[in-house]
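S.K.: Fold the following and give me the result.
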Amino acid sequence: MPRTRTTTKSVGDLESLIPSFCRSLRAASKAATTIEVNEGAARQLLLYLEANGLPTELALIGHEHVVNRPGFRDCSVYWLAAARAGVA
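M.R.: Numbering: from 1, shown residues only. Now for the predicted structure:
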């Protein structure tokens, strides 16, 4: 039987934080469109980080990973700041 490679994401990995981020938006009575757009932005951030070999662990993502990067918008900085503060 061929072996498959499994990876375990940590609790602080962006992928594992996106669902709770969306729950917090719903709990704050944000519009469905707002939740959808923010979830999409968070997933785009995750894809960008993974595609560029950058950390996806929230505690390891720094300003230098997302600001002034070709092909990426600086708005992700606000999402990261909110996530770290527990607002997102």
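
S.K.: Helices along this structure, start to end?
M.R.: Secondary structure of the chain (DSSP state H): helices at 14-27, 32-51, 63-66, 76-85.

S.K.: tell me what the third one is packed against?
M.R.: Packed against helix 63-66 by the contact rule (3 or more Cβ pairs under 8 Å, 6 or more residues apart in numbering; DSSP states H and E) you find helix 32-51, helix 76-85. Every residue, glycine included, has its C-beta placed from N, CA and C.

S.K.: ok, of those, where does mean pLDDT dip lowest?
M.R.: Lowest mean pLDDT within these: helix 76-85, a mean of 62.

S.K.: Residue 34 touches residue 25, doesn't it?
M.R.: Yes - counting by Cβ atoms under 8 Å, residue 25 is a contact partner of residue 34 at 6.6 Å.

S.K.: More neighbours: which of these two?
M.R.: Neighbours were counted for residue 34 and for residue 25 using other Cβ atoms under 10 Å; residue 25 has more, 19 against 13.

S.K.: Can you tell me the closest non-neighbouring residue to the more buried one?
M.R.: Residue nearest to residue 25 in three dimensions, not counting chain neighbours: residue 35, with 4.6 Å by Cβ to Cβ, 6 or more residues apart in numbering.
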